[in-house]
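Using only what follows, build the 3D model:
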Amino acid sequence: MTHSTVLRRCARLLGGAALVGGLAIGGAGAATADGSDAERTELSGTAQTQAHDYWTSARMEAAIPADDLAPEDAPSHDAVEKGDPVTVKGRSAEAPGKNTQAAEAKDTVGKVFFTQGGQDYVCSGNSVASSNGSTVATAGHCVNDAGTWATNWVFVPGYDHGAAPYGTWAATDLVSTDEWVSSEDISYDVAFATVSPESGSGTLEDAVGSTSIAFNRERGAHYTSYGYPAASPFDGESLESCEGTATDDTIGDTLSQGIPCDMTGGSSGGPWFLDDGAQNSVNSFGYTGQANVMYGPYFGSEAQSAYQEAAA
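Presented below is the predicted three-dimensional model:
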């Protein structure tokens, strides 16, 4: 069986936050490479306002999992570049000056809504520690499709049965790995967004806290994954989780790792936490011939470069 026939598109298996509709005039700018193995686009203040206004309750409810935004093939590489192990510690919302390994997952994890090609989509995301205090980790296919950046991109932390207890946070910048943006290499299906609130000037960490994030750790760790699966038997209205020990991908040619997980479409971009509470991957894809296994990219130097570009 060829690789393209067994790779189950990420969003179809992974369910989560809705992908939000595209931005209008003043939206995403051209992607620019910064020389750090990351690609970035900036969104104007007008585009951010349009994103906040765009996401009505009805549009959020109608958004679909990003089934068609993950490729059916994946380029093969010898190895993901690995640097020195690094962990950036998270902070709690209650004591923003105090370092913690992870804030309460139900607050930091949320839905991502955006528009791509005229269709509104949903994914999942998580507030991670950063210098700017407002950085969200998600999947690459939840921000960029075949080199085209998403529009109307917002994050809704703590989403629960239609409630948005912390409001919506619109993207000011979207960043992904060069490997994802240039060639849709599923092994590097990770992205980060810098966000701002609908009103006021507070940070995402002030509102919900942030979890730690780690790079260049050993493979084969034990993970707990979170997301908002929307396909049956789930409905996308509540945060779900699964856990298990990661194993290498022996089916396709990817460098991702898989864990036991029954989450369905909509959970794409949801965080994988190590036992110490640090995020170390995201929900990415699965295989049609392999039930109840979720794959996520290895957080190596490429993912770290994208994070650093967004978090500065």
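
secondary structure element for A306?
Taking DSSP states H and E as the definition, A306 sits inside helix 301-311.

so where do the helices sit in the stretch 151-300 of the chain?
Per DSSP state H, counting those that start in this stretch, the stretch 151-300 of the chain carries helices over the ranges 178-183, 204-208.

quick one, which of those is nearest to Q257?
Among those, the nearest to Q257 by Cβ to Cβ is helix 178-183 (16.6 Å). In short, each C-beta sits where N, CA and C put it, glycine included.

surely Y307 meets A193?
No - the criterion here is Cβ atoms under 8 Å, and Y307 misses it with A193 at 11.1 Å.

got any residues that touch both of the two?
135, 175 (Cβ atoms under 8 Å, 6 or more residues apart in numbering).

what pLDDT, on average, does stretch 191-203 get?
In this model, stretch 191-203 has an average pLDDT of 94.

so what's G300 up against?
80-83, 215-216.

Check the gap between it and G167 for me.
Using Cβ to Cβ, to the nearest Å, we find G300 at a distance of 34 Å from G167.

How about A193?
15 Å.

Please apply the same query to V143.
20 Å.

Between the two, tell me which one has more neighbours.
Legend: neighbour count by other Cβ atoms under 10 Å for V143 and G167, higher for V143 (32 against 16).

From what I see, the more buried one and T177 are in contact.
No - V143 is beyond contact range of T177, at 10.8 Å (criterion: Cβ under 8 Å).

Name the nearest residue to T87, sequence neighbours excluded.
Distance criterion Cβ to Cβ, 6 or more residues apart in numbering; nearest residue to T87, sequence neighbours excluded, is A214 at 4.4 Å.

ranges for the helices of the stretch 1-150 of the chain?
3-6, 10-13, 45-54, 57-62, 105-108.

With respect to the ones you listed, which exhibits the lowest mean confidence?
The bottom spot among the helices of the stretch 1-150 of the chain, by mean pLDDT, belongs to helix 3-6, with a mean of 31.

Report the beta-bridge partners for the residue nearest the centre of the chain.
Centroid-nearest residue in the chain, with Cα atoms, centre = their mean: T138, separated by 0.9 Å. Applying DSSP bridges to T138 gives these bridge partners: A191.
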